[in-house]
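[1] Got a predicted structure plus its sequence, pasted below:
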Amino acid sequence: MAEENAGDAAGVYRERVYENEGFPALVALVAPEDRRILDVGCGTGANLRLLAAAGREVRGVTLSEEEARAVRAAGFTCDVCDVEREELPLADASVDALVFSHVLEHMAWPAAVLRRHLRVLKPGGGVYVALPNPLHLPQRWAFLRGRFRYTETGLLDRTHLRFFDFQSARELLESAGLTIVRHEAIGYVPLGPLRRVLGPLAPRLDAAATRLWPGLFGWHLLVAGRLG
């Protein structure tokens with residue numbers, strides 16, 4: 001599909017519908033004082049539902065008309081906007097936080113997108129970002145074996161235009177003028193059949209290893225920053 005839309009990169013996303021269960025780990029980072037949330041690249045609204053369940057006032061924006069219809073059908077406000085090329089349809093300083101859940105890696109100039117849309121944040125507002133880590137251990141092993149293959153989903157999703165490691169994920173937000181308040185990873189240790197043997201110890205090992213070596217075992221890179 002990407003090849004068919006080579007002349008119009010945005011067309012790829014107009015045709016796609018992203019459905020998932022949301023990202024509770026990212027939603028959990030949203031500070032209690034951030035009440036009005038804009039989810040940029042909201043898919044069909046999974047994170048909006050999680051945020052609304054936590055008592056937040058939410059709004060979504062997407063490039064897909066079909067996704068927007070699904071979000072509105074669920075009772076949320078959703079705008080259709082190409083955030084790489086257009087201004088967000090919100091007033092200055094009108095929201096407390098922006099959420100970018102696995103969105104910025106799909107953009108040619110993610111830092112520029114961040115900087116341009118910070119105008120809708122109130123002073124001191126939050127920005128919450130999730131990015132994939134292409135240096136997760138199994139992917140490193142694939143690189144060492146000389147294998148770089150795009151896939152339909154996952155770390156090397158063929159629609160990913162930018163790649164970040166643990167440090168450059170932080171630098172992305174800093175380059176937009178944000179102050180980092182949280183920086184962590186969510187991931188796992190590739191244990192194979194040992195995972196069944198370890199039982200309940202396996203998640204504890206995952207958490208400890210990802211905390212100590214986030215660039216090696218992290219699958220999702222999470223960064224939270226504040227404006228000003």
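    Perfect, I can see it now.
[2] residues in contact with Asp165?
    By Cβ atoms under 8 Å, 6 or more residues apart in numbering, Asp165 lies in contact with Asn133, Pro134, Leu135, Gly215, Leu221. Heads up, the C-betas are built off the backbone N, CA and C, glycines and all.
[3] Can you tell me which of these are classed as buried?
    Asn133, Pro134, Leu135, Gly215, Leu221 (16 or more other Cβ atoms under 10 Å).
[4] Same list (these) but as a markdown table, adding distance to Glu65.
    Shown next, in a markdown table, are the buried ones among the contacts of Asp165 (distance: Cβ to Cβ, whole Å):
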| residue | distance to Glu65 |
| --- | --- |
| Asn133 | 31 |
| Pro134 | 31 |
| Leu135 | 35 |
| Gly215 | 38 |
| Leu221 | 30 |
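[5] In strands only, show me those.
    In this view, those that belong to strands under DSSP state E are Leu221.
[6] Filter the buried ones among the contacts of Asp165 down to the ones in helices?
    Gly215 (DSSP state H).
[7] Check the gap between Phe148 and Arg182 for me.
    For Phe148, the distance to Arg182 equals 31 Å [Cβ to Cβ, to the nearest Å].
[8] quick one: which of the two has more around it?
    Taking other Cβ atoms under 10 Å, Phe148 and Arg182 do not tie; Arg182 has more neighbours (13 against 10).
[9] what's the helix or strand for that one?
    Arg182 is part of strand 178-187, with elements assigned from DSSP states H and E.
[10] so what strands line up beside that strand?
    According to DSSP bridges, strand 178-187 forms sheet pairs with strand 218-227 (antiparallel).
[11] which helix is the longest one in this protein?
    Identified as the longest helix of the chain according to DSSP H is helix 201-212.
[12] contacts for that one?
    Applying Cβ under 8 Å, 6+ apart, the contact partners of helix 201-212 are 184-189, 191, 194-195, 198, 216-218.
[13] Dump that helix to PDB, restricted to CA.
    Extracted C-alpha coordinates of helix 201-212, given in PDB (Å, rounded to 0.1, in the frame of the first residue of the first chain):
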ATOM      1  CA  LEU A 201       9.200 -14.400  38.100                       C
ATOM      2  CA  ALA A 202       9.400 -13.700  34.400                       C
ATOM      3  CA  PRO A 203       7.500 -10.300  34.600                       C
ATOM      4  CA  ARG A 204       9.700  -9.300  37.500                       C
ATOM      5  CA  LEU A 205      12.800 -10.100  35.400                       C
ATOM      6  CA  ASP A 206      11.300  -8.200  32.500                       C
ATOM      7  CA  ALA A 207      10.700  -5.100  34.600                       C
ATOM      8  CA  ALA A 208      14.100  -5.200  36.300                       C
ATOM      9  CA  ALA A 209      16.100  -5.800  33.100                       C
ATOM     10  CA  THR A 210      14.200  -3.100  31.200                       C
ATOM     11  CA  ARG A 211      14.700  -0.600  34.100                       C
ATOM     12  CA  LEU A 212      18.500  -1.300  34.100                       C
END
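[14] hey, where'd the strands end up in this protein?
    Assigned by DSSP E, the chain shows strands spanning 36-40, 57-62, 77-80, 95-101, 121-132, 178-187, 218-227.
[15] Can you lay out the ones you listed as JSON lines showing mean pLDDT and distance to Pro110?
    Shown next, in JSON lines, are the strands of the chain (pLDDT from 0 to 100; distance: least, Cβ to Cβ, whole Å):
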{"stretch": "strand 36-40", "mean pLDDT": "98", "distance to Pro110": "11"}
{"stretch": "strand 57-62", "mean pLDDT": "98", "distance to Pro110": "15"}
{"stretch": "strand 77-80", "mean pLDDT": "97", "distance to Pro110": "20"}
{"stretch": "strand 95-101", "mean pLDDT": "98", "distance to Pro110": "8"}
{"stretch": "strand 121-132", "mean pLDDT": "97", "distance to Pro110": "9"}
{"stretch": "strand 178-187", "mean pLDDT": "98", "distance to Pro110": "13"}
{"stretch": "strand 218-227", "mean pLDDT": "98", "distance to Pro110": "12"}
